[in-house]
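[1] what's the 3D shape of this:
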Amino acid sequence: VAGLLDELRRAQGDARGQQEQHLQDSRADVAGLLDELRRAQGDARGQQEQHLQDSRADVAGLLDELRRAQGDARGQQEQHLQDSRADVAGLLDELRRAQGDARGQQEQHLEAMMGSRREQQE
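    Next up is the predicted model:
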């Protein structure tokens with residue numbers, strides 16, 4: 001009986017040792033899996049942040065292009081307005097010259113008519 005009890009105790013000790021070893025192995029596996037999960041989450045966060053930064057850079061680039069295009073359009077409009085004003089000023093100058101020429105011709109014609117009447121009256 002004493003021998004059987006010793007064998008039983010040894011068997012229980014071996015079983016406890018195996019259980020403890022299995023528990024330690026399981027804990028190590030869980031710790032490894034948690035580390036992998038944390039790394040994967042960190043990688044995913046890093047990718048999200050990089051994607052966000054890339055998207056922000058894309059938006060900033062598009063806004064810069066839009067501002068340049070608006071600036072170019074404003075510049076073209078201003079140039080067109082200046083050209084139109086210059087055209088109008090030129091046309092007004094021509095109109096004034098034409099009106100001046102017409103007045104001068106009318107005055108000459110009037111003077112000629114008055115001169116011929118004087119001659120007829122004399």
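[2] how close does residue 17 sit to residue 10?
    Residue 17 sits 10 Å away from residue 10, going by Cβ to Cβ, to the nearest Å. In this view, the C-beta of every residue, glycine as well, is placed from N, C-alpha and C.
[3] got it, and residue 80?
    In this structure, residue 80 and residue 10 are 104 Å apart, going by Cβ to Cβ.
[4] Quick one: mean pLDDT for whichever strand or helix holds residue 65?
    Assessed by DSSP states H and E, residue 65 sits inside helix 2-121. Helix 2-121 shows a mean pLDDT of 94.
[5] Off-centre distance for it?
    0 Å (Cα atoms, centre = their mean, to the nearest Å).
[6] same for that helix, what does it pack against?
    Contacts defined by 3 or more Cβ pairs under 8 Å, 6 or more residues apart in numbering; DSSP states H and E place helix 2-121 against no helix or strand at all.
[7] Report how many residues lie close to residue 112.
    Neighbours of residue 112 under the rule other Cβ atoms under 10 Å: 10.
[8] Same check on residue 110?
    The number of residues packed near residue 110 is 10, by other Cβ under 10 Å.
[9] could you check the distance from it over to residue 117?
    11 Å.
[10] Please apply the same query to residue 46.
    Distance of residue 46 to residue 117, computed by Cβ to Cβ: 105 Å.
[11] now do residue 80
    55 Å.
[12] Same check on residue 95?
    Counting by Cβ to Cβ, the gap from residue 95 to residue 117 is 32 Å.
[13] Please apply the same query to residue 87.
    The gap separating residue 87 from residue 117 is 45 Å, by Cβ to Cβ.
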